[in-house]
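Novice: Return atomic coordinates for the entry below.
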Amino acid sequence: MTGPTEGRGPDLDRELTCSARGCRAAATWALRWNNPRLHTPDRRKVWLACDEHREHLSSYLETRGFLRDAVPVGELDEGAISEVR
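Specialist: The predicted model follows:
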């Protein structure tokens, strides 16, 4: 299996797919967020998004005040992969 995370460790060799319900497209974006009522300020949870669903998922998180940033999937490190939902 090849992809943007190939060769970066065992957890990063798996294919990362979009977090949108029913979408099986390869993820190209990582939406890093936290819920300040539940998480410490430095904690980041991650939703993955394909190009088609990036705006929708970002808007959902942003409306709730949860979105912190969006970065290309290739910029995720192994620790961030463990926070993927």
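Novice: what residues does stretch 56-67 touch?
Specialist: With Cβ atoms under 8 Å, 6 or more residues apart in numbering as the test, stretch 56-67 has contacts from S19, A20, L31, R32, W33, N34, N35, P36, W47, A49, A70. Where C-beta positions appear, they are placed from N, C-alpha and C, glycine not excepted.
Novice: Repeat that for stretch 70-77.
Specialist: By Cβ under 8 Å, 6+ apart, the surrounding residues in contact with stretch 70-77 are 4-5, 12, 16, 27-32, 46, 48-49, 54, 58.
Novice: Pull out the buried positions in it.
Specialist: Applying a neighbour-count criterion of 16 or more other Cβ atoms under 10 Å, one finds A70, V73, L76 buried in stretch 70-77.
Novice: Which single one of these is nearest to V84?
Specialist: V84 has its nearest neighbour among the buried residues of stretch 70-77 in L76, at 8.2 Å by Cβ to Cβ.
Novice: how far away is the nearest residue to N35 once chain neighbours are set aside from C18?
Specialist: Nearest in space to N35, with sequence neighbours left out and distances taken as Cβ to Cβ, 6 or more residues apart in numbering, is F66 at 5.6 Å. Distance from F66 to C18, counting by Cβ to Cβ, to the nearest Å: 18 Å.
Novice: again with T63
Specialist: If you measure T63 against C18 using Cβ to Cβ, the figure is 19 Å.
Novice: Low-confidence stretches in this protein?
Specialist: 1-14, 79, 81-83, 85 (pLDDT under 70).
Novice: Looking at it, which helix is longest?
Specialist: In terms of residue count, the longest helix belonging to the chain (DSSP state H) is helix 54-63.
Novice: Return the set of buried residues in that one.
Specialist: Result for helix 54-63 [16+ other Cβ under 10 Å]: buried residues R54, L57, S58, Y60, L61.
Novice: And for stretch 40-55?
Specialist: R44, K45, V46, W47, L48, A49, C50, H53, R54.
Novice: pretty sure H53 is touching C18, no?
Specialist: Yes: with contact defined as Cβ atoms under 8 Å, H53 reaches C18; the gap is 5.4 Å.
Novice: Overlap in contacts, the two.
Specialist: Residues touching both H53 and C18 by Cβ under 8 Å, 6+ apart: A25.
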